[in-house]
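Peer 1: Sequence and computational prediction follow.
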Amino acid sequence: MMDREGKFTVETIYGDVLTVRHVDWTGVAVQIYLTLNVTDVVDQLTDESKVKLVALANAVKEMSTGFRVKNPALIEYSDRPGLIQIS
């Protein structure tokens, strides 16, 4: 979802709205950086927000390679808070 300022946002199960700060295609995965710098953020996202992040990852990968993410998995690393990797 885009907010009024044109930023891509997702929601948590607690009603918090998070903004996507940055998106990278690494050649292997799409990395999405959120404004909330905590670990376990994937568990806090609504199902709709997870679907939106996968759609964003697919759009980024398609623009770069022409292909979509197969069997997407949302991965977090405890040493990289606020980062969700989709591969």
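Peer 2: In hand now; what should we look at? Residues are numbered from 1 along each chain as shown.
Peer 1: what's the weakest-modelled helix or strand in the chain?
Peer 2: Here the helix or strand of the chain ranked lowest by mean pLDDT, DSSP states H and E is helix 41-44, holding a mean of 89.
Peer 1: buried sites along that helix?
Peer 2: The neighbour-count check on helix 41-44 (16 or more other Cβ atoms under 10 Å) flags Val41, Gln44 as buried. C-beta here means a position set from N, CA and C on the backbone, and glycine is covered the same way.
Peer 1: Pull the distance from it to the chain's centre.
Peer 2: Averaging C-alpha positions (Cα atoms, centre = their mean, to the nearest Å) puts helix 41-44 11 Å from its chain's average.
Peer 1: Likewise for stretch 58-72?
Peer 2: 13 Å.
Peer 1: so where do the helices sit in this protein?
Peer 2: 41-44, 47-65 (DSSP state H).
Peer 1: Quick one: closest of these to Thr26.
Peer 2: helix 47-65 (10.0 Å; Cβ to Cβ).
Peer 1: related to what we said a few turns ago, how about the least confident helix or strand of the chain as CSV, C-alpha atoms only?
Peer 2: Presented in CSV, the C-alpha positions along helix 41-44 are these (Å, rounded to 0.1, in the frame of the first residue of the first chain):
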residue,chain,number,x,y,z
VAL,A,41,9.3,-8.2,12.7
VAL,A,42,8.0,-10.8,10.3
ASP,A,43,6.1,-12.4,13.2
GLN,A,44,4.5,-9.0,13.9
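Peer 1: So which residues make contact with that helix?
Peer 2: Counting contacts by Cβ atoms under 8 Å, 6 or more residues apart in numbering, the residues outside helix 41-44 that touch it are Thr12, Ile13, Tyr14, Asp16, Leu18, Leu34, Lys50, Leu74, Glu76, Pro81, Gly82, Ile84.
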